[in-house]
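Novice: Provide a 3D model corresponding to the input given below.
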Amino acid sequence: MFMSFLKRLGQSAIATIAIMAVVFLLMAVGVLPFESNLVIAFLIGGAMLAIGQAMFLVGIDLSILEVGRRAGTRLMRMKKIWLILIFGLVFGFVTTIAEPDAQVLIAQITSFNPFLSTWLILSLFGIGAGLFVSFALFRVLKKVPLKYCLLVLYAIIFILAIFAPSEYLGFSFDAGSVATGTITAPFLLSLVIGICSVRSGSTKDDNFGAVAIVSTGPIIAVLILGIIAGPMASAGVETEAAVGFVPILVENIKDVSIALSPLLVIFILLQIFILKLPLRQAVKALVGFLISYVGLICFLTGVFYGFSPMGTFVGENLAGLGTWLILLLGAVLGFLIVFTEPSILVLAGEVEDVTSSLLKKWVIYLALGIGIAISVTIGLVHVVYNVNLWYIILPVMAVAILLSFVIPPIFTGIAFDSGGIASGAMTVAFILPICTGLSGIINEGNIITEAFGLAGIVASVPILTIEILGLIYMVLDKKNRRQHDKRNSNNDSK
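Specialist: Prediction:
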């Protein structure tokens, strides 16, 4: 366990240090002023963020992933589809409301609109995700092609977006990208793998795509909220620095306890009625849950105390720079984000495996890095020039859906799942505050309309880069097959 923690800490620390190094470089060359109190908070927040993320991920490995695999296997052996769907609904709800990325995003949106209730939005995320976890499992059980599901779901999303107030468009896509984060995505992937391992006729294609479907649930839920509630007004940017460390820590202890309590109750009920793990394994899972609890508190405290205030500070001070410098910085930070998400390592290994090493891990990292760099740059263009989010999201998703009918099916699932993985903690904890800080200085309109949507953009563009890899794989695979057939033909002629 300790070695696993050190490995996770190394991954988190490298990513955090890389982001911090960019900020300190900007201060060193005079682009950013040096604020000692903010810098100290940034250093403390960075350390807590790295340690908290490492603890959280180790705990998830010991608890959520193991429970997901075993639950999927046991539920399939019970041969009751209705029970699997109810389980997906309930577990999708409780894992989503515990998502750290979702909590960070909601804190951002409520800081600009205090009329929105944190728990109302979190419940909407949970209901949307829970319903679509059930739908994702139903798709796997009934072998419905993923491309048709995505076509219908995104058609519904864009129809709803026509009628929803513009303030909800960016927020809704941000919601979809963060709701399938470090808890929901690993659990869902492990649950689907567990189901497919005992279901006859399953292929590797079935292991992917569930995250993509679930991410549409919160998007639809937020758009429906917008249609019902009507327009919302921004309360403006809070430029002053932050609250003290202790009040933030106490608030996070309370919020995390409330958010994770349902997850603990569900695990206990599963253990009693379905899983029935040996005592040693059950205790191990509970220890993992406790580690995740402490890690999540550390992570969120680091975000709210140090990283988000620094992100806002950076955004406010970038407003006086030339546009090309702002966009260049966005591209650099976007490329670095690829190293902040440990889940990308899992995705890269899976792609290398299913393509028989034809596409290497470093190719996946490079493709996602380029995709996220482009995404953040486009997001800053959206803020600086106040580009309507429709002109970004609609064509990207339209092309992505069209390509899903061309590339091998497994790449459709991998590509759309990569969107939820790519837009993670650092996007909402640091890059989004940069956008809100920048927007608050250069724009006089509604910040919710002008700044939000970044996480949604970051979740969409990498889909295209992975699909392009799918096209490359398809071409290379056909070439290899032709060469193989030619060699066989020559051997037969001899």
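Novice: Mind checking what secondary structure V406 has?
Specialist: Secondary structure, DSSP: H, G, I helix; E, B strand; the rest coil: V406 is coil.
Novice: What is the neighbour count of the nearest residue to it once chain neighbours are set aside?
Specialist: Spatial nearest neighbour of V406, excluding adjacent residues (C-beta to C-beta, 6 or more residues apart in numbering): L471 at 7.1 Å. Using the backbone N, CA and C atoms, a C-beta is placed for each residue, glycine as well. Around L471 there are 14 other residues, counting by other C-beta atoms under 10 Å.
Novice: The strand or helix carrying L471 packs against which elements?
Specialist: Per DSSP states H and E, L471 falls inside helix 454-493. Counting contacts by 3 or more C-beta pairs under 8 Å, 6 or more residues apart in numbering; DSSP states H and E, helix 454-493 is packed against helix 167-179, helix 361-384, helix 390-404, helix 409-422, helix 432-442.
Novice: for the last one, packing partners?
Specialist: Taking 3+ C-beta pairs under 8 Å, 6+ apart as the contact definition, the neighbouring helices and strands of helix 432-442 are helix 100-112, helix 308-318, helix 323-337, helix 361-384, helix 447-451, helix 454-493.
Novice: List the buried residues for that helix?
Specialist: L432, P433, I434, C435, T436, G437, L438, S439, G440, I442 (16 or more other C-beta atoms under 10 Å).
Novice: For the nearest residue to G369 once chain neighbours are set aside, give me the pLDDT.
Specialist: Nearest non-adjacent residue to G369, counting by C-beta to C-beta, 6+ apart: V338, 4.1 Å away. V338 is assigned a predicted lDDT (pLDDT) of 75.
Novice: can you start the count at 38 instead of 1 from here on
Specialist: All set: I'll call the first residue 38, so the last point we hit is now V375.
Novice: you'd agree V375 is up against I458?
Specialist: No. Taking C-beta atoms under 8 Å as the definition, V375 is not a contact partner of I458, at 10.0 Å.
Novice: Could you measure from K184 over to A55?
Specialist: For K184, the distance to A55 (C-beta to C-beta, to the nearest Å) stands at 36 Å.
Novice: Compare these two (neighbour count), which wins?
Specialist: The neighbour count for K184 versus A55, taken as other C-beta under 10 Å, is higher for K184 (20 against 17).
Novice: now the helix holding L508, how far from the centre of its chain.
Specialist: Relative to the centre of its chain, helix 491-530 is centred 26 Å away, using C-alpha atoms, centre = their mean, to the nearest Å.
Novice: Then stretch 123-134?
Specialist: For stretch 123-134, the distance to the chain centre is 17 Å (C-alpha atoms, centre = their mean).
Novice: same check, this time on stretch 101-108
Specialist: 20 Å.
Novice: which residues sit against that stretch?
Specialist: Outside of stretch 101-108, the residues within contact range by C-beta atoms under 8 Å, 6 or more residues apart in numbering are 124, 128, 132, 220, 223-228, 230-231, 304, 307, 311-312, 314, 318, 321-322, 325, 329.
Novice: again, only using 7 Å
Specialist: Residues outside stretch 101-108 that contact it (C-beta atoms under 7 Å, 6 or more residues apart in numbering): 124, 220, 223-224, 227-228, 230-231, 304, 307, 311-312, 322.
Novice: Could you dump the residues you listed into JSON lines and include neighbour count and secondary structure?
Specialist: Putting the contacts of stretch 101-108 into JSON lines (neighbours: other C-beta atoms under 10 Å; DSSP: H, G, I helix; E, B strand; the rest coil) gives the following:
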{"residue": "F124", "neighbour count": "22", "secondary structure": "helix"}
{"residue": "I220", "neighbour count": "27", "secondary structure": "coil"}
{"residue": "P223", "neighbour count": "23", "secondary structure": "helix"}
{"residue": "F224", "neighbour count": "26", "secondary structure": "helix"}
{"residue": "S227", "neighbour count": "20", "secondary structure": "helix"}
{"residue": "L228", "neighbour count": "30", "secondary structure": "helix"}
{"residue": "I230", "neighbour count": "18", "secondary structure": "helix"}
{"residue": "G231", "neighbour count": "20", "secondary structure": "helix"}
{"residue": "F304", "neighbour count": "21", "secondary structure": "helix"}
{"residue": "L307", "neighbour count": "21", "secondary structure": "helix"}
{"residue": "I311", "neighbour count": "15", "secondary structure": "helix"}
{"residue": "L312", "neighbour count": "18", "secondary structure": "helix"}
{"residue": "A322", "neighbour count": "23", "secondary structure": "helix"}
